[in-house]
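>>> Test case, fold it:
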Amino acid sequence: MPDMILMNTEEQMESRINALKKEFTKVRTGRANPKMLDDIKVDYYGALTPLGQVGNISVPEANQLVFKPYDRNILGAAEKAIMAANIGINPNNEGTQLRIVLPALTTERRRELVKQVKKMGEETKVFVRNARRDGNDEIKKMEKNSEITEDESKQYHEEIQELTDTYVKHVDELVKDKEEDIMSI
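Residues are numbered from 1 along each chain as shown. Model prediction:
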């Protein structure tokens, strides 16, 4: 049973790290990335559908994205959806496709993005620490109910702390890497 608590705690931490990585793909670094448009949904025959499912998103140049819809009738709706997403980009309608030119990031904007990335990292660390607290609480309950000994409890608390330290360090590395990516020109 305590091993299940450890596994569950580690699983929660790992899932949050994966969520952080996914969030980081949406943060602009000055280079075009099709994942920037992942959360944009367009009304396609009455259903909100992700942009990537109604067309092809490609990167012809480092600062450009091209959205080519499978159905030309959706082009206007896709253009409106991208503008409504409020992510700081405006598509150019070329009749059969949308060309999205990403403006160069200013130093001030890069600093804002770094702050945003650090905030995401801190939120993830809080989540990791909360998972640690939950795991420790469950171990304490088991000790209180005499399901495990005090020594076993101490050992499990140390293992949970090691997990926490590992994942917090991983978050710091991810934030540092993303910060370097954003600040590089």
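>>> Counting neighbours, which bits of the helix or strand hosting residue 159 end up buried?
Element membership of residue 159 [criterion: DSSP states H and E] is helix 150-183. For helix 150-183, a neighbour-count test (16 or more other CB atoms under 10 Å) marks 153, 156-157, 159-160, 163-164, 167-168, 170-171, 174-175, 178-179, 181-182 as buried. Glycine gets a C-beta too; all of them are placed from N, C-alpha and C.
>>> give me phi/psi at the residue most central in space within the chain?
The residue lying closest to the centre of the chain (CA atoms, centre = their mean) is residue 23, at 1.7 Å. As for residue 23, its main-chain torsions (degrees, to the nearest 10) stand at phi -60, psi -40.
>>> That one touches residue 120, doesn't it?
Yes: using CB atoms under 8 Å, residue 23 makes contact with residue 120 at a distance of 5.6 Å.
>>> how about low-confidence regions in the protein?
Confidence mapping of the chain against pLDDT under 70 gives the ranges 28-30, 185.
>>> domains of it?
2-26+106-183, 34-101 (automatic domain parsing).
>>> before we move on, back to that, mind checking how far the residue nearest to the centre of the chain is from residue 17?
Residue 23 is 11 Å from residue 17, where distance means CB to CB, to the nearest Å.
>>> Might you report the residue contacts of residue 143?
Counting by CB atoms under 8 Å, 6 or more residues apart in numbering, residue 143 touches 149, 150, 152, 153.
>>> who's in contact with stretch 8-18?
Stretch 8-18 is touched from outside by 124, 127-128, 131-132, 134-135, 160, 163-164, 167, 170-171, 174, with contacts defined as CB under 8 Å, 6+ apart.
>>> now the strands for this structure?
41-44, 47-50, 55-58, 64-69, 91-93, 98-101 (DSSP state E).
>>> just checking, what packs against the shortest one?
Taking 3 or more CB pairs under 8 Å, 6 or more residues apart in numbering; DSSP states H and E as the contact definition, the neighbouring helices and strands of strand 91-93 are helix 75-84, strand 98-101.
>>> Would you quantify the distance from the closest residue to residue 139 other than its chain neighbours to residue 117?
Excluding its sequence neighbours, the residue lying closest to residue 139 (CB to CB, 6 or more residues apart in numbering) is residue 156, at 4.7 Å. Plainly put, residue 156 is 33 Å away from residue 117 if you go by CB to CB.
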